[in-house]
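Q: What would the 3D arrangement of this be:
(6 chains)
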Number of protein chains: 4
Amino acid sequence: MKERTPKYDQRYLAAVDAAAAVFAEKGYHAAGTIDIAERLNIKQGSLYYYFRSKEAALEAVCLEGIRHQISYLQSVMDGENSFAEAIQKLVIYTLSSLEERSDYMIVFDRHRQVIPLEKRGNIRDQSNTYHKLLEDMFEQACQKGELKPGQDIHISVRAFTGLLSSASSWYQMKQSIDLKVVAKQYSDVFLFGSCAV
Amino acid sequence: MKERTPKYDQRYLAAVDAAAAVFAEKGYHAAGTIDIAERLNIKQGSLYYYFRSKEAALEAVCLEGIRHQISYLQSVMDGENSFAEAIQKLVIYTLSSLEERSDYMIVFDRHRQVIPLEKRGNIRDQSNTYHKLLEDMFEQACQKGELKPGQDIHISVRAFTGLLSSASSWYQMKQSIDLKVVAKQYSDVFLFGSCAV
Amino acid sequence: MKERTPKYDQRYLAAVDAAAAVFAEKGYHAAGTIDIAERLNIKQGSLYYYFRSKEAALEAVCLEGIRHQISYLQSVMDGENSFAEAIQKLVIYTLSSLEERSDYMIVFDRHRQVIPLEKRGNIRDQSNTYHKLLEDMFEQACQKGELKPGQDIHISVRAFTGLLSSASSWYQMKQSIDLKVVAKQYSDVFLFGSCAV
Amino acid sequence: MKERTPKYDQRYLAAVDAAAAVFAEKGYHAAGTIDIAERLNIKQGSLYYYFRSKEAALEAVCLEGIRHQISYLQSVMDGENSFAEAIQKLVIYTLSSLEERSDYMIVFDRHRQVIPLEKRGNIRDQSNTYHKLLEDMFEQACQKGELKPGQDIHISVRAFTGLLSSASSWYQMKQSIDLKVVAKQYSDVFLFGSCAV
DNA sequence: TATGAATGAGATTTCATTCAT
DNA sequence: AATGAATGAAATCTCATTCAT
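A: Residues are numbered from 1 along each chain as shown, chains lettered A, B, ... in the order given. Model (predicted):
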């Protein structure tokens, strides 16, 4: 919508941040553009200087949200990690994202689908990228013999993301428990199962 | 709201069904009372003979949705199942619920929290009941030595429900793979983990 | 938008009427939906019971406006009129429409083109019908030798409608002059010209 | 608003031109100041160096539009033309104006009345001048016996301008027919009528 | 039980305009 | 002369809800 000068970027990012916070707190539909504006200390109409529409604001939040996840995942894959280590790091990162960037996580998780299919291209692209990377990671682990044989990789990936998102729901009712303990157990369930023997 | 004559029950359930379908498809906020009415072939205003308000319709859907889960969970616990068997049955039941009653599952999963805390009593009660039952089940399994030692039961339960809900997201983009195969793998991940050795 | 019961028709027509009046007075864009509502003694939002949108109201006005012109033109063509008589009757009818239904005439004349091309189908259809009828009439007159030879019929028709619309602009600054005198002169100009000899 | 240095004049005229184009295309109300600015490759706010307001831009366009018509009409009257010749020249000039300056013609024709009566002084003055000149011309023709007797001159003038404006509507849907042929027929209708005998 | 008609409060969006830089 | 940022007022439209019939 605008070329990005550094100064503009700063304000724009603040706008995205405000949108994330408001959407996370109230939910996309229940949130009003006026809430976002107020949080930015500007008037409602001025929001449209940053976003073409409320929906565009949501898209911006989602995009910004997933960008971080992708780049961390990328960095984990680039590093020298065993499969088990990688899984643990991703769980930890997800849980700590939930502390530091919870707004973006929640909005992405819960409200992404509000954007109508036709306009979901950008988000879908990013989302696909993320899943593709994960699948690559599982694939490589499989070839190194780090994964149990005979399991469909797509389902494994999905089971893993399901676990991650259950962590998200956990965050909402979190009783202040040590993050690392929780992360350890989550990854252990995924890696080694819950069943004795 | 009304005494339940058989005939009334039938129409009322159709109304709940319609609400579930509409909420699931569009999301609670994006859905209009008019959409529900249209699906019932009645006029917008007439809806108010079935529901005191739109929110009441949501509550009815959620309640109806969880009722099934609870009663199935109850039946599994009453039967003579090992922990592993119980887990498998629950995964299968959830997946097949997603085929047969997906609307209710989706609405409960995604929109339950729209109902303001003050009015969420009924649903919370049911929800608590469900979690409590699950925790009991895990507790018993633990005492029988069927569960790995040293894991926090609350987290295990949550990890399990996270897995279940990942199945929900799977359902939405399902590539028609045999339900039992999928269920097997999902439970295997939970029970035995993904990691070789 | 609604099935037409007689009672509904009456109210609906009143709504179209109000829209016509407001659009004619202020112009489509300068007019607010609230103005129309006020004229109907209902609240702004209630307008949308009758019209899907402000634009739909405009379309309704235009359609209603041209309907009368077409049916009168049709009746003139069905009667036994010489070309000169027909022209005169049409001029008179147009001028008196301007007294009795000026709102519709003005709106059709000035604001029809606000409706975007894609949605102008209905109006264009009616408009084409009107022009087609006129062309038929001129064609027949031509064959009976009532028209000067060597003139392109399309241009003649257009010159005639131009004259009619100049009558419309006349109406706006009308000084109370006898309608029949004016109509006579207008048709005379068209039929016999302004130039001596 | 500014003293007119040659350079300023040039830019100013470009601005008027842009406004004319935009108003003609979208209509005054539907057109935004931003559209005009974009066409000039400047930013919205910068427009206000050329026009005090959007309305002032419209006024400028109208004034510029009619200036040409008046000066041509003046020149025709100053020359030695019979009434029939004068009419023909005016029709031709109008039609070719529609090719070369259609924006100004259209805007003047359709949107002049947007300017509120209080502020319409300038335009009205010019408009009156134009009509007055035409009436003078007809009056003189009448005295020379070039006009049919017994016709009200005001109506004749108006019938003539109606014809001219019908040419305008013709222009919009023009099927590219030779301008002179069209002009000939338009003036013939006005001068000699359409009716045989 | 059902509906037609209306309401009213609020939501998003648009846009001419201003002004410091 | 130009712009980036913001404003504020208004405008259209939506929608859950009500109620007389």
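
Q: Double-check residue A:68 against residue A:100; I have them as touching.
A: No: contact between residue A:68 and residue A:100 fails when scored by C-beta atoms under 8 Å: they sit 9.6 Å apart. C-beta coordinates here come from the backbone N, C-alpha and C atoms, glycine included.

Q: higher neighbour count, the two?
A: residue A:68 (15 against 10; other C-beta atoms under 10 Å in any protein chain shown).

Q: element containing the more buried one?
A: helix A:54-78 (DSSP states H and E).

Q: What residues sit buried inside that helix?
A: Along helix A:54-78, these residues count as buried under the neighbour rule (16 or more other C-beta atoms under 10 Å in any protein chain shown): A:54, A:56-66, A:69, A:73, A:76.

Q: got the angle between the helix or strand bottoming out on mean pLDDT in chain A and helix B:153-172?
A: None of the helices or strands of chain A scores lower by mean pLDDT, DSSP states H and E than helix A:153-172, at a mean of 79. Angle, helix A:153-172 to helix B:153-172, by axes from the mean of the first three to the mean of the last three C-alpha atoms, to 10 degrees: 130 degrees.

Q: So whichever helix or strand comes after helix A:153-172, near chain B or not?
A: Counting by DSSP H and E, the next helix or strand C-terminal to helix A:153-172 is helix A:179-192. Yes: interface with chain B: helix A:179-192 contributes A:181, A:182, A:185, A:186, A:188, A:189, A:190, A:191, A:192 (C-beta under 8 Å from any C-beta of the partner chain).

Q: In CSV, list those along with pLDDT and neighbour count.
A: Listed next are the residues of helix A:179-192 next to chain B as CSV, based on pLDDT from 0 to 100; neighbours: other C-beta atoms under 10 Å in any protein chain shown:
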residue, pLDDT, neighbour count
A:181, 84, 11
A:182, 83, 22
A:185, 85, 21
A:186, 85, 26
A:188, 89, 23
A:189, 86, 27
A:190, 88, 27
A:191, 89, 21
A:192, 87, 15
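
Q: Make CSV from the residues you listed and add distance to chain C to it.
A: Shown next, in CSV, are the residues of helix A:179-192 next to chain B (distance: C-beta to the nearest C-beta, whole Å):
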residue, distance to chain C
A:181, 55
A:182, 50
A:185, 54
A:186, 50
A:188, 57
A:189, 53
A:190, 52
A:191, 57
A:192, 60
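
Q: hmm, back to that, outside of the helix holding residue A:68 itself, which residues are in contact with it?
A: A:1, A:15-16, A:19-20, A:23, A:28, A:33, A:36, A:47, A:50-51, A:86, A:89-90, A:93-94, A:97, A:101, A:103-105, A:107-108, A:111-112, A:114-115, A:119, A:122-123, A:126-127, A:129-130, A:133-134, A:136-137 (C-beta atoms under 8 Å, 6 or more residues apart in numbering or on different chains).

Q: can it be found next to DNA strand F?
A: No: using C-beta under 7 Å from any atom of the strand, helix A:54-78 stays clear of DNA strand F, coming no nearer than 12.8 Å.

Q: tell me the angle that helix makes with helix A:153-172.
A: Using the same axes, to 10 degrees: helix A:54-78 against helix A:153-172 is 120 degrees.

Q: helices and strands around the helix or strand following helix A:54-78, which ones?
A: Using DSSP H and E, the helix or strand that directly follows helix A:54-78 along the chain is helix A:83-100. Packed against helix A:83-100 by the contact rule (3 or more C-beta pairs under 8 Å, 6 or more residues apart in numbering or on different chains; DSSP states H and E) you find helix A:54-78, helix A:102-111, helix A:121-143, helix A:153-172, helix A:179-192.

Q: centre of the chain versus the last one, how much separation?
A: Helix A:179-192 has its average C-alpha position 19 Å from the chain's average C-alpha position, going by C-alpha atoms, centre = their mean, to the nearest Å.

Q: try the third one
A: Relative to its parent chain, helix A:121-143 has a centroid offset of 14 Å by C-alpha atoms, centre = their mean.

Q: Measure how it sits relative to helix A:102-111, angle-wise.
A: Going by the same axes, to 10 degrees, helix A:121-143 makes 100 degrees with helix A:102-111.

Q: how close does residue A:116 sit to residue A:125?
A: Applying C-beta to C-beta, to the nearest Å, the value for residue A:116 to residue A:125 is 16 Å.

Q: higher neighbour count, those two?
A: Neighbours per residue, other C-beta under 10 Å: of residue A:116 and residue A:125, the larger number sits with residue A:125, 12 against 9.

Q: list the contacts for the more buried one?
A: Residue A:125 touches nothing, counting by C-beta under 8 Å, 6+ apart.

Q: returning to that earlier point: and the average pLDDT for the helix holding residue A:68 is what?
A: For helix A:54-78, mean pLDDT is 96.

Q: Give me the angle between it and helix A:83-100.
A: Using the same axes, to 10 degrees, the inter-axis angle of helix A:54-78 relative to helix A:83-100 is 150 degrees.

Q: Could you confirm whether helix A:54-78 reaches DNA strand E?
A: Yes: judged by C-beta under 7 Å from any atom of the strand, helix A:54-78 and DNA strand E are in contact via A:54, A:55.

Q: So what's the gap between that helix and the chain middle?
A: Centroid separation for helix A:54-78 versus its chain: 6 Å, with C-alpha atoms, centre = their mean.

Q: shouldn't residue A:22 be in contact with residue A:35?
A: Yes: using C-beta under 8 Å, residue A:22 is in contact with residue A:35, at 4.7 Å.

Q: Give me the more crowded residue out of the two.
A: Shown here are residue A:22 and residue A:35; by other C-beta under 10 Å, residue A:22 has more neighbours (26 against 18).

Q: DNA strand E versus that one, what's the distance?
A: 10 Å (C-beta to the nearest atom of the strand, to the nearest Å).

Q: Which element, helix or strand, includes that residue?
A: helix A:6-26.

Q: Quickly check: that helix near chain B or not.
A: No: against chain B, helix A:6-26 shows no contacts by C-beta under 8 Å from any C-beta, the least distance being 10.3 Å.

Q: counting contacts, what elements does the following helix or strand past that helix pack onto?
A: Going down the chain from helix A:6-26, the next helix or strand is helix A:33-40, by DSSP H and E. Applying 3+ C-beta pairs under 8 Å, 6+ apart, one finds that helix A:33-40 contacts helix A:6-26, helix A:54-78.

Q: how far off helix A:6-26 does helix A:33-40 point, in degrees?
A: Using the same axes, to 10 degrees: helix A:33-40 against helix A:6-26 is 120 degrees.

Q: and residue A:145, which of the three is it?
A: The three-state assignment at residue A:145 reads coil, by DSSP: H, G, I helix; E, B strand; the rest coil.

Q: pretty sure it contacts residue A:82?
A: No: when contacts are counted by C-beta under 8 Å, residue A:145 is not listed as touching residue A:82 (11.2 Å).

Q: Would you mind measuring from the residue nearest to residue A:161 when sequence neighbours are not counted to residue A:163?
A: Nearest residue to residue A:161 in three dimensions, chain neighbours excluded: residue B:166, at 6.3 Å (C-beta to C-beta, 6 or more residues apart in numbering or on different chains). Distance of residue B:166 to residue A:163, computed by C-beta to C-beta: 7 Å.

Q: list residues touching both of the two?
A: Counting by C-beta under 8 Å, 6+ apart, nothing touches both residue B:166 and residue A:163.

Q: For those two, work out which one has more neighbours and name it.
A: Set residue B:166 next to residue A:163 and count neighbours by other C-beta under 10 Å: residue A:163 wins out with 26 against 23.

Q: so who does the more buried one touch?
A: Contacts of residue A:163 by C-beta under 8 Å, 6+ apart are A:91, A:186, A:189, A:190, B:159, B:162, B:163, B:166.

Q: Tell me the one among the residues you listed nearest to DNA strand F.
A: residue B:166 (29.9 Å; C-beta to the nearest atom of the strand).
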